[in-house]
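> Just need the structure, nothing else, for what follows:
(chains A and B)
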Amino acid sequence: MKLSLNWIKDYVQLPEDMDLTRLAYDLTMSTVEVEGAESLAEQFDKIIVGEIKEVLPHPNADKLRICKVDIGEGEIKDIVCGGSNLEVGMKVVVACPGAMVRWHGEGEPVEIKNAKLRGVASFGMICAAVEVGLADLFPAKDDHEIMDVTAFDAPAGTPLAKALDLDDIILEIDNKSMTNRPDLWGHYGIARELAALYDLPLAKFESFKPETDEKFDVRIIDTDRCPRYIGTRIEGLSVKPSPFEMQSRIWRVGMRPINALVDITNYVMLATGQPTHVFDSNHIIDHIEVRRANEGEKLQLLNDKELSLSTDDLVIADAEGAVALAGVMGGAKDSVLPDTESVILEVANFESRGVRRTALRYDNRTESSSRYEKAVDPERCDQALSLAMKLFAELYPEMKVTAFVDQYPNKLEKKEIDVDFDWLDRRLGKRIPQEIVARKLGAMGFEVSFTDTGMHIVVPTWRSTGDVSIKADIMEEVARMYGYENFEATTITTSFDGAINQLEVDLVRRVKEYLAFRCNMQEIFTYPWMTDEFVHAICESTDGILALATPPAPNEKYIRSTLLPNICKAIVKNERNFDEFDIFEEAQIFLDSDYTSEYKGEKLPAQRKHLGCAFVGSPDNISELFRRAKGVIGTMPVYTHMETFTFEKAEKPYWADETVWLNIMLNGKKIGDLALLSKKAALACGIKVLSAVLVELDMDALVPLKSRTNRFTHVPEFPRNEYDISFLVDSMVKWDDIYNTVMEKKNELVHDVKFVDEYKGKQIPTGKKSVTIRLVIGSNEKTLTGEEIEKVANGVLKRLSKSTGAEIRTV
Amino acid sequence: MKEKLEALLKEGSARIEAVGSEAELQEVKVALLGKQGSITDLLKEIPKLDVSLRPEMGKAVNNAKNLLSEMIDGKREALKLKASAIPADFDCTIPGFEPMSGGLHPITQMCYDLNDAFRSMGFEVFGGPEITSEYYAFDNLNFPPNHPARESMDTYWLEGHDSGEANDKLCLRPHLTGDSVRYMQTHKPPYRFVYPGRVYRNETTDARHERAFFQYEALIVDKDFTYTAGKVMIKSILQKVFGRDVPVRMRAGFFPFVEPGFEIDMGCLVCGGKGCSVCKHVGWIEIMPGGTPHPNVLRAAGLDPDEYTGFYVNIGLDRLVMMRYGVDDVRLFHSTDLRFLKQFH
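Alright, predicted model coming up:
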């Protein structure tokens, strides 16, 4: 919202030397966010009034003229101009060199320089209204008409801003910062805040007394939606422009002047925050009623939108039908028309939420609806009526009020609040003198009476529509008016009753740090919604998957029941730039089941914290990819201090390769999967080149250890020897079989066996593979000799050949 | 001859000492001990001496010869050890091997930084469900029914759960504040906790707006807590994030769940408060809302608002991370693009 400082000064007399920066800062700190404070006059720097003394033809151009222009103190300059309405004696707007103007009203402002036009030197330029941003106030009949200021009492050389009385400051307020303050949506409301801030008197509106006893017939059918309606019939009017000063004010704060009748209603709204409307009284048949629209009732708005109304819409109607959408916009047929001579002035109060619903329903938010929807108080009608009638009387001295009615069936109760001083002091952290509290609250319209231990406060109507209702609100009023900056920061004290110990929270962090810092994986974030093609690639069906009612895109309605679809999407994205990468994400998944909650009065679907990983690389070495993934996941419990889980083949995931898959098991329960993404799923995802081993793990199922559990063992006193053996076995023999054979009933000199590698191919018979293992052999009593070591190794080999058919590989 | 020998010895040892390479050493050796070497020459002169002098001089010259020979061997060993293990054309400017380059998301990093700061001040870390009922998203937080603020949050409602009573309506949480009530309902006061997490709004996205973003809230609830203590909380956060004292101001702001409510600004770090394009020439940047929990929120949590009060802050982590690194498009955070994510070490 834009505010004119001059206009504010109508209601509160700010000191002449008021520092503008200070004012903007104080308003921002205490009330609303001031986003900018701009001097209007600055825009017109080096733009002055000139008087045309002579108009001569241009020697080289038919459409151009050379004007001899008086630019003040008798100084005459030649200015080349193409204006269609140039006349001797006319006062025009001259942009002197250095001024900023918009050529033909378009583009960014450019600086005027001395120039030659078709060979003739020109001092600056004579401007059209659009070129100095004044087209709304000086509408031109055609593109070539220049701005005429002959009517203004200003001699040549007067700065334009002074001539048009545009020496004003325009404040720009962030609308978001006052959605809760219906009282601030006009100049008077802001003036009231400034009066309270600076302890200055605030001007009052006289109350209006109609001179007629004639009642205007207004029937409020829905009194909840329309608590008050004042109808005034005014005769002896005409459609004419409003005075320049009124037009100028309306224009300064961002609206367009239309004609005197409409301008009065806009002026009143901008001043008081109370919207008003005028109907041509000759078009209002019999009476006015305020009622709900009939289903499908037609109404053409002032902006020519044709509406088919719903029964939730409130309308102003006459005996024949709807004439306006209450609180939103007037109808085209019955508002001010070119021949209007008498009007019904509507000053009414409409319920906020209804106005909002209607404005949103037809995508037709207006200056009026955006004020009503903040909950304007019905008493403000009095101020608006007072100001409107004063303006009608000024602009139309001949006018007459011929009928009047004030229907106020639904009176607003003022809120009353008791505040205990002891409570206030404790919450504020300091005692503010009662005299200051009373003065500040009083200045904002609160009625304060002191009791033995506190205050009884009556809230003014304009703060009683939801804004102020409890004592915390009063505390806020006191604190902000006293000045938030006048409270010193106080330290936070605490009572210590033990260290914070959150095992689950810590485990999640350890897992993520393990993956990132030990395992070289990159964490990613994805959206909770999934793209359909990825869902279908990964999930067997969409049963049990929750969906959004209004998804971000038609093919993104499902929200994740698994992290893998979005991880696959991330693979597609990165496959273009990288040949090999490992990524992970930790996030919540949602399932259309369960519907319980540990929280009062709520039934929520199942939601669990999951970990998803992808190990991505060349399809030529699936085994390497698989071992990378298994290594990271299998080692995780050791480094992150949780109960160890195991791998098993229990249930193949839908998206997994036929052979390369494992389930992750904890205490006999499946808590995750580790598998190669099947060719079919990869194709459906659009993963073109690389292969991926995916992991998904239910983090909520993991069990953190209370403390570290691994125990220290002594460093061996005698050397341990590593001894490699290679042998041939049937290619279906598993490493687990080999490992178990070596480790079960093992010689006490064998301490461990490690997998070195396996090989199939050249020189190996079909159906066989060569396996190399590494034995760790050593004694706790002595250093073993080569012969002794070999004997142990041969023993192992013998057992292997017995249980797995292993034979020494002979080259 | 004696003098000659002494001079030769002196000169020889100096030459050996001065040698810089094995090749040079060989030259010196030849010059001293070779067939035409100076020592050899001296030996040849011995027969010319008086017989009585011969044994003594012969011994002296031989001693000198052995001495120089030893020196040469010693020098040779020393030169060998001193020599480089690799030819001299080795290039020390070739780059080192990079260590493993995995990493946490920049928002996670910021979140953990803040967790550390709050943990050190005795706060617990809490997390609630991302799907919430309307009851916990709005009703508990003093949003009146049909209040525009409910619409302004542009909530993602779930299909099949988007009508009915507040308990039945389910949505992706539009903010974190509902979780504060969950925590308070299930714990005993006084409270001191943070609850970071993802939130979702049905908005049109651009460089400054996202549908999914990350918030970080902190709440203290205690008896006789004054709102001015909230300022300490805010300063601590910013100090942690930016590593230095940052000016902070609290000004009037409205949010249904706080009373009084504040907009909290920090001094612009780009211009130092003088005014620049980043801070829209006001010297301050809006970073978080905050305030005292509204009595209705405390009631929803089962507390007596006359007894308890406190302070909320709600930080938009995306915004803070953008300021930390100068990221100019919020959508990058969910891009999953490793070329972006790998930049945050």
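> Spatially nearest residue to the residue of the stretch 101-250 of chain B found nearest chain A (excluding sequence neighbours)?
As assessed by C-beta to the nearest C-beta, chain A sits closest to B:Thr226 within the stretch 101-250 of chain B, at 3.2 Å. Yep, even glycine has a C-beta here, placed from its N, CA and C like the rest. Leaving aside its sequence neighbours, B:Thr226 sits nearest to A:Gly429 (C-beta to C-beta, 6 or more residues apart in numbering or on different chains; 3.2 Å).
> Run a quick neighbour tally on that neighbour.
Neighbourhood size, A:Gly429 [other C-beta atoms under 10 Å in any protein chain shown]: 17.
> I'd assumed A:Arg431 was in contact with the residue of the stretch 101-250 of chain B closest to chain A.
No: look at B:Thr226 against A:Arg431 with C-beta atoms under 8 Å: they stay out of range, at 11.9 Å.
> neighbour-wise, which of the two wins?
B:Thr226 (20 against 12).
> Okay, domains of chain A per the record?
A:2-40+A:168-198, A:42-163, A:218-407, A:416-486, A:503-701, A:721-808 (automatic domain parsing).
> Revised request: answer the last question for chain B.
B:2-82, B:106-341.
> Show me the one of the ones you listed that comes nearest A:Lys649.
Nearest of the domains of chain B to A:Lys649, taken as C-beta to C-beta: domain B:106-341 at 30.8 Å.
> how long is that closest one from one end to the other?
From its first residue to its last, domain B:106-341 covers 7 Å (C-alpha to C-alpha, to the nearest Å).
> By mean pLDDT, which helix or strand of the chain comes out lowest?
Let's take chain A. strand A:115-117 (a mean of 83; mean pLDDT, DSSP states H and E).
> sorry, should have said chain B
Result, chain B / mean pLDDT, DSSP H and E: helix B:148-152, a mean of 65.
> On the C-terminal side of that one, identify the next helix or strand.
Using DSSP states H and E, the helix or strand that follows helix B:148-152 in sequence is strand B:156-157.
> what's in contact with that next one?
A:548-551, B:169-172, B:174, B:200-202 (C-beta atoms under 8 Å, 6 or more residues apart in numbering or on different chains).
> and what of stretch A:470-479?
In contact with stretch A:470-479 (C-beta under 8 Å, 6+ apart) are residues A:417-420, A:423-424, A:427-428, A:432, A:437, A:440-441, A:444, A:446, A:455, A:457, A:467-468, A:487, B:227, B:252, B:259-261, B:292, B:294-295, B:305.
> which stretches of chain B form strands?
Per DSSP state E, chain B carries strands over the ranges B:124-125, B:131-133, B:156-157, B:170-172, B:191-200, B:212-223, B:248-253, B:258-267, B:284-293, B:308-316.
> hmm, the fourth one touching chain A?
Yes: Strand B:170-172 is in contact with chain A by C-beta under 8 Å from any C-beta of the partner chain, via B:170, B:172.
> Relative to that strand, what are the paired strands and their orientations?
The strands beside strand B:170-172 in its sheet (DSSP bridges) come out as strand B:131-133 (antiparallel), strand B:156-157 (antiparallel).
> Pick the most deeply packed of those.
strand B:131-133 (a mean of 26; mean count of other C-beta atoms under 10 Å in any protein chain shown).
> Look up how far B:Val327 lies from the nearest residue to B:Asp328 once chain neighbours are set aside.
Among residues not flanking B:Asp328 along the chain, B:Ala207 sits closest, at 6.4 Å (C-beta to C-beta, 6+ apart). B:Ala207 sits 10 Å away from B:Val327, taking C-beta to C-beta, to the nearest Å as the criterion.
> Equivalent analysis for B:Leu176, please.
22 Å.
> Looking at those two, which one has more neighbours?
It is B:Leu176, of B:Leu176 and B:Val327, that has more neighbours when counted by other C-beta under 10 Å, with 25 against 18.
> And the pLDDT at that one?
At B:Leu176, the predicted lDDT confidence score is 94.
> show me the contacts for it.
B:Leu176 neighbours (C-beta under 8 Å, 6+ apart): B:128, B:195-197, B:199, B:215-217, B:314.
> run the last query once more with 10 Å
By C-beta atoms under 10 Å, 6 or more residues apart in numbering or on different chains, the contact set of B:Leu176 is B:126-128, B:130, B:132, B:194-199, B:214-217, B:219, B:314-315.
> can you check A:Asp183 too?
Residues counted as contacts of A:Asp183 (C-beta under 10 Å, 6+ apart) are A:189-190, A:192-193, A:272-273, A:374-377, A:380, A:444-445, A:460-465, A:467.
> which among these are in contact with chain B?
Residues of the contacts of A:Asp183 in contact with chain B (C-beta under 10 Å from any C-beta of the partner chain): A:374, A:467.
> Apart from its neighbours in sequence, what residue is nearest A:Tyr639?
Using C-beta to C-beta, 6+ apart, the closest residue to A:Tyr639 is A:Tyr514 (5.2 Å).
> Count the residues that sit near that neighbour.
Neighbour tally, A:Tyr514, other C-beta under 10 Å: 19.
> Next: A:Asp673.
A:Asp673 has 23 nearby residues by other C-beta under 10 Å.
> can you confirm it is in a helix?
No: A:Asp673 is assigned strand when assessed by DSSP: H, G, I helix; E, B strand; the rest coil, not a helix.
> Could you point out which residue ranges in the chain have low pLDDT?
Picked chain A for this. A:809-811 (pLDDT under 70).
> my bad, the chain I had in mind was chain B
For chain B (pLDDT under 70), the answer is B:146-149, B:151-153.
> Counting residues, name the longest helix you see in it.
Taking DSSP state H as the criterion, chain B has its longest helix at helix B:54-82.
> list the buried ones in that one?
Within helix B:54-82, the residues scored as buried using 16 or more other C-beta atoms under 10 Å in any protein chain shown are B:57, B:60-61, B:64-65, B:68, B:71-72, B:75, B:79.
> from those, which is closest to B:Arg331?
The closest of the buried residues of helix B:54-82, once distances to B:Arg331 are taken by C-beta to C-beta, is B:Leu79, at 65.1 Å.
> wait, that closest one sits on B:Ser21?
Yes: counting by C-beta atoms under 10 Å, B:Leu79 touches B:Ser21, with 6.7 Å between them.
> Same list, the strands paired with strand B:170-172, but as CSV with distance to A:Ile773 please.
Compiled in CSV, the strands paired with strand B:170-172 are given as follows (distance: least, C-beta to C-beta, whole Å):
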stretch, distance to A:Ile773
strand B:131-133, 51
strand B:156-157, 55
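> Is B:Val194 bridged to anything, and to what?
Counting by DSSP bridges, B:Val194 forms beta bridges with B:Val125, B:Ala218.
> what's the burial count for it?
Counted by other C-beta under 10 Å, the residues lying close to B:Val194 total 25.
> again with A:Ser469
16.
> SS state for it?
On the basis of three-state DSSP, A:Ser469 is classed as coil.
> nearest residue to it other than its sequence neighbours?
Ranked by C-beta to C-beta, 6+ apart and with sequence neighbours excluded, the top spatial neighbour of A:Ser469 is A:Lys415, at 5.2 Å.
> For that neighbour, give its distance to B:Pro145.
A:Lys415 is 19 Å from B:Pro145, by C-beta to C-beta.
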